[in-house]
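Colleague: Prediction below, plus the sequence it came from.
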Amino acid sequence: MSSISEPLRVNEVEAMTDAAPTIPFVDFYRQRYPRAVRLAVVLTGSVGSAEDVVQDVMIDAHRRWARISAYEDPGAWLRRAIVNRAISRHRRVAVAAKGFLRLTADARLSIDLVDSDWELWRRVRSLPARQAQMIALVYVEGLTLEGAATVLGISTPTAKSHLARAKQRLETDLSDWNNS
């Protein structure tokens, strides 16, 4: 799977068909947008940033729809692009993001999260990046360990290790929080 700015490799071109897109882009957009934003919210910590990330990725997807729609799973491309874009965005605005997160730490958004979830997701975002990404992909997107590993471009054992460490740290952090 290529990143959104990198050209296709030979094996990716061979895996594509010359057939017309299997699903119109507008249908793909309508089906995937809400879940894509939820994933991006967990990765970025902000609905506004998440919507920006998803809109940028959707624009890229629309431009390349003939190619992307021929993939076996266009949703996998979308998830990978969202993760990549969220990482890039974080790198570009790291200092501003820290200040922004402090200002909006108590913001409540209408994305089907109950109040107690906000503390959990705040703590998830404080994890090392790969650990937070694994939590988001497995528990928000519902991917298998193997699916999350593929999205992140890491091996399944590495993904399993990141997920186990994340869960262990969250369990400790949340138990300390509940006992205080």
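Modeller: Thanks, I have the structure now. Numbering: from 1, shown residues only.
Colleague: Please count neighbours and contacts with C-alpha atoms only from this point.
Modeller: Noted.
Colleague: How many neighbouring residues does S126 have?
Modeller: When neighbours are counted by other CA atoms under 10 Å, S126 registers 13.
Colleague: so how far is D27 from it?
Modeller: According to CA to CA, to the nearest Å, S126 stands 35 Å off from D27.
Colleague: what are the ranges of the helices in the chain?
Modeller: For the chain, applying DSSP state H gives helices covering 10-15, 25-44, 47-63, 65-68, 74-92, 94-103, 115-126, 129-135, 145-152, 156-179.
Colleague: Enumerate the positions of the third one that are buried.
Modeller: If you call a residue buried by 16 or more other CA atoms under 10 Å, then helix 47-63 has these buried ones: 47, 49-55, 57-58, 60-62.
Colleague: Can you list the helices and strands that it packs against?
Modeller: When contacts are defined as 3 or more CA pairs under 8 Å, 6 or more residues apart in numbering; DSSP states H and E, helix 47-63 sits against helix 25-44, helix 74-92.
Colleague: what residues does the first one touch?
Modeller: The contact list for helix 25-44, computed with CA atoms under 8 Å, 6 or more residues apart in numbering, reads 47, 49-51, 53-54, 58, 62, 65, 75, 78-79, 82-83, 86, 90, 111, 121, 125, 132-133, 136-137, 140-141.
Colleague: run the last query once more with 7 Å
Modeller: Contacts with helix 25-44, where a contact means CA atoms under 7 Å, 6 or more residues apart in numbering, come from 47, 50-51, 54, 62, 65, 82, 86, 121, 125, 133, 136, 140-141.
Colleague: who touches I82 in this structure?
Modeller: 40, 53-54, 57.
Colleague: can you list the domain ranges for this protein.
Modeller: 1-108, 113-180 (automatic domain parsing).
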